[in-house]
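Asks: predicted model and sequence follow; I will ask about them next.
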2 protein chains.
Amino acid sequence: MEKLLCGVDLGGTKLAVGLVDQEGGMLDKAVTYDHVDKDEDSVVKLIAESIRTMLINNHLTESALEGIGVGVAGHINYRKGMVITTSNLRGFRNYPFREKLQAYFDVPVVMDNDANAQTYGTFRFGAGRGYNDMIFMTLSTGIGIGIIIDGKLYRGFTGTAGELGHTIVEPGSSMRCTCGNYGCLMALAGGIALPELYEKTVKKGIKSTYAVRKDFDYQSVDGKILKEGLKKGDPATVAVVKEMARYTGIGIYNIFQIFNPPLILLGGGLLELGDLYFNEIRKTFYDLVKEMLFDPIEIKISRLGPDSGLLGAAALILERS
Amino acid sequence: MEKLLCGVDLGGTKLAVGLVDQEGGMLDKAVTYDHVDKDEDSVVKLIAESIRTMLINNHLTESALEGIGVGVAGHINYRKGMVITTSNLRGFRNYPFREKLQAYFDVPVVMDNDANAQTYGTFRFGAGRGYNDMIFMTLSTGIGIGIIIDGKLYRGFTGTAGELGHTIVEPGSSMRCTCGNYGCLMALAGGIALPELYEKTVKKGIKSTYAVRKDFDYQSVDGKILKEGLKKGDPATVAVVKEMARYTGIGIYNIFQIFNPPLILLGGGLLELGDLYFNEIRKTFYDLVKEMLFDPIEIKISRLGPDSGLLGAAALILERS
């Protein structure tokens, strides 16, 4: 029988474990939120127990697994299997995650950051199937890319390649990134930019149906409010979405100039902003690219669905073979 | 006997042909300027004749060659062996260069753009030896990178990967690039920017020992004048060099975030601007990178010397094997 893949998606709020077949079919999954306030070793133990429970529930033993793949939201050293740092979980500074989880199992354990996991999942199970090179771009609180070259994830020296969100595209900007620099792509076009971007837009004199309220807190502006604002036709929301999309389009154009890839897939929560957002991204790209596009490049939204993190984590096992 | 490599460096003003051993030793070379006003087929014929002459002069026959590698300054489709377009030579639009030159020889002919050739030469014969991944950055009239991943040149879909000079790093800039866009890295930090950059600097009120002359033409500002200006301590020159270096440092920082490479080598004529330029590039990089540098990255000037184009072209033959 073909072996199964076990995926673990370890996020700041959600911990998901799943059983996946070699074609990306989800056989079972379980979600818990119990890891949030635990220390590192206890989180690893919880993961191991969740996997064991799932195996038992499915009348399986460990030997049914090809391996266990873990996607973690954070800075990861893939080679060493270390979580270098993460802002989404307590602790986990230079934590030897892979080794710790491996201690519970005989089948191989691999771990990478969630962006790489999702990239590889899309490459094996999604719209990237059949390509040799591709870029997967996450548009969410932060912005990052996963890089597939010659059928493999390109991770770089430390494993931090793909931090497109920290490339500087507006050096004189007053928008500060979490990294401390100004004018990083994610400081201008990532979810983290929303409160400041919205406030600036309103202060430029663009009307807002929200900011007129006395108790309005700019810090409350998030993707959900933006989505609602677009439905209502809130002028400030439209301006903010267009500006984010314009910088995102510049980011994609920069990817094009550097990688000249046949395929750029977009994923992440910001895409729920819909057509206005996506169309403005594409328009910016094509306005810039002009006659420099010698072969068609596909820029598409990836649809691995809500389990993409889990599927990606599971797919990581396939990269080993 | 170990076979020899034949390199051809086809530039806008200079056409060089050379015989190179497998370790990058130059055995013979010849330079001509006769190609400049010839049509495409005649340029190819001239190259073939130059190679034949060199073989005869060295008492060799074609069978002594492992192959012929050609580096061309222009947009190249490596897979198809086509020159898509070049602004340095007459004609050569969608010209099947490799096929045309191959018709004269039995040994394999390969062709790529000069940036990729130089990158691969540095990787095989220069400071890149022993690395698996590296970036070679050319700082010249234009700016571009060559990308080595897993020991191979990464060229992208069409073969135009590495056009870092066309990434946009200052969208609101009034500095226009040859591509028509504003705020491309090379429009801000490449040799093409010098006249406009110098004029802007003087008009901002920074003193210039050149611009005081009645007959001074800003269009005359080039790398040579800048080098002289630095020696003289011309304030406008110092300001221009620092600004170019600052944008170049941002470009290198962006490369770091995207590729996280162990090694970035710099080449190209602008490096003759010396310490002020190079130190400001490094300072900008390290100011931005802060604690995001988990492993040391080497940023060095590459010294393959004046024959780097020729050595790179010859090295391309080794990539096939």
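Replies: Now that the structure is in, tell me what you want to look at.
Asks: what lies in contact with the least confident helix or strand in chain A by mean pLDDT?
Replies: Here the helix or strand of chain A ranked lowest by mean pLDDT, DSSP states H and E is strand A:75-77, holding a mean of 87. Here strand A:75-77 makes contact (C-beta atoms under 8 Å, 6 or more residues apart in numbering or on different chains) with A:82-86, A:111-113, A:116, A:158-160, B:294. For glycine as for every other residue, the C-beta is placed from the backbone atoms N, C-alpha and C.
Asks: so how far is the longest helix seen in chain A from its chain's centroid?
Replies: For chain A, the helix with the greatest residue count under DSSP state H is helix A:235-259. In this view, helix A:235-259 has its centroid 17 Å away from the chain centroid, taken as C-alpha atoms, centre = their mean, to the nearest Å.
Asks: quick check: angle from the helix or strand that it is followed by to helix A:235-259?
Replies: Using DSSP states H and E, the helix or strand that directly follows helix A:235-259 along the chain is strand A:263-267. Calculated by axes from the mean of the first three to the mean of the last three C-alpha atoms, to 10 degrees, strand A:263-267 forms an angle of 150 degrees with helix A:235-259.
Asks: who does strand A:263-267 pair up with?
Replies: Take DSSP bridges as the rule and strand A:263-267 pairs in its sheet with strand A:134-139 (parallel), strand A:298-301 (parallel).
Asks: deepest in the core, which of these is it.
Replies: strand A:134-139 (a mean of 27; mean count of other C-beta atoms under 10 Å in any protein chain shown).
Asks: what's in contact with that strand?
Replies: A:115, A:118-119, A:122-123, A:128, A:143-148, A:164, A:189-190, A:248, A:251-252, A:255, A:259, A:261-271, A:302.
Asks: quick one: the strands in chain A?
Replies: Secondary structure of chain A (DSSP state E): strands at A:4-10, A:15-20, A:26-32, A:65-72, A:75-77, A:82-85, A:109-113, A:134-139, A:143-149, A:152-153, A:263-267, A:298-301.
Asks: so can I have TSV of the strands paired with strand A:263-267 showing distance to B:E66 and mean pLDDT?
Replies: Shown next, in TSV, are the strands paired with strand A:263-267 (distance: least, C-beta to C-beta, whole Å; pLDDT from 0 to 100):
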stretch	distance to B:E66	mean pLDDT
strand A:134-139	34	96
strand A:298-301	38	94
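Asks: of these, which is nearest B:G69?
Replies: B:G69 lies closest, by C-beta to C-beta, to one member of these: strand A:134-139, at 29.1 Å.
Asks: distance to A:D275 added to the strands paired with strand A:263-267, as a markdown table?
Replies: A markdown table is the format used below for the strands paired with strand A:263-267 (distance: least, C-beta to C-beta, whole Å):
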| stretch | distance to A:D275 |
| --- | --- |
| strand A:134-139 | 15 |
| strand A:298-301 | 11 |
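Asks: mind checking which of the ones you listed is nearest A:V221?
Replies: Of the strands paired with strand A:263-267, nearest to A:V221 by C-beta to C-beta is strand A:134-139, at 16.5 Å.
Asks: could I get the pLDDT score of the residue of chain A most remote from its centre?
Replies: Here the centre of chain A is the reference, and by C-alpha atoms, centre = their mean the most remote residue is A:K214, at 35.3 Å. Looking at A:K214, its pLDDT is 88.
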